[in-house]
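Participant: sequence below, structure please.
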Amino acid sequence: LNAASQGREPQKNTQIAPGSIATIRGSVLAFKTEAAAFTGDEPPLTVAGTNVKVNGHAARIFYASPDEVVFAVPSGLANGPAEFVVTNSEGFSSKAEAVISTAAPGVFTTEGDGRGEAIILDSNTLTTAPFDPSSGQLRLSLFATGTAQAKSVSVTIKGRPTTVETVISSRLKGIDEIHLFIPSELSGAGTATLIVNADGVQSNPVTVEFG
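Facilitator: Presented below is the predicted three-dimensional model:
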């Protein structure tokens, strides 16, 4: 699954973008729970003795536990069917399948389950919601994955198009920042639904609150 959307996106077939953050769930994927120890900006290839390969390409791992592994999908993978193989420290492999797609957006949420409030900050003050767009100067930073390689990224809030100013990759591998300019008309909108569309692929619907 996309680690941000957690399967909450509307597409029936799981799509995973190269360079994005993904998660695999199962059993005996590792023999202990361990978070990656970073050396520089990139996570290691092995955590808790477990490694992941996607179509034979080694993936960098953020977190491993007996029932879940979170990893960065290797960049440069071709679009199409892909086999994800998790191998634990005793050499036992578990396999999963998904479709590699250049764009497969997922928005990170505060609860971590792909639903509800998006992880989003005022770009200037770095504060959280509720946001006040009444001045006509509000810019927000939305945290997502699977959008960095898309040719076209658009965002709707409460069903209306919102200006996407930039999409950049953060220092942490796989996390994208989508910078939005928010129209003053959303002042007082309350809890509004936000959806990211990247190359025609929709993200999980999330919420953002305006005061």
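Participant: spatially central residue in the protein, please.
Facilitator: Ranked by distance to the mean C-alpha position of the chain (CA atoms, centre = their mean), the top residue is Thr145 at 2.9 Å.
Participant: and the pLDDT at that residue?
Facilitator: Predicted confidence (pLDDT) for Thr145: 98.
Participant: how about it, phi and psi?
Facilitator: Phi and psi for Thr145, reported as degrees, to the nearest 10, are phi -140, psi 160.
Participant: ok, now Leu186?
Facilitator: According to degrees, to the nearest 10, Leu186 has phi -90, psi 0.
Participant: what separation do you get for it and Gly106?
Facilitator: In this view, Leu186 and Gly106 are 23 Å apart by CB to CB, to the nearest Å. For the C-beta atoms, the positions are set from N, CA and C on the backbone; glycine is no exception.
Participant: contacting residues around the residue nearest to Asn13 when sequence neighbours are not counted?
Facilitator: Sequence neighbours aside, Val99 is the residue nearest to Asn13 in space, at 5.6 Å (criterion: CB to CB, 6 or more residues apart in numbering). Val99 makes contacts with 13-16, 79-82, as judged by CB atoms under 8 Å, 6 or more residues apart in numbering.
Participant: ok, back up a step: report the beta-bridge partner residues of the residue nearest to the centre of the chain.
Facilitator: Gly106 (DSSP bridges).
Participant: and the gap between it and Thr163?
Facilitator: Applying CB to CB to Thr145 and Thr163 gives a distance of 21 Å.
Participant: now do Gly56
Facilitator: For Gly56 relative to Thr163 (CB to CB), the value is 41 Å.
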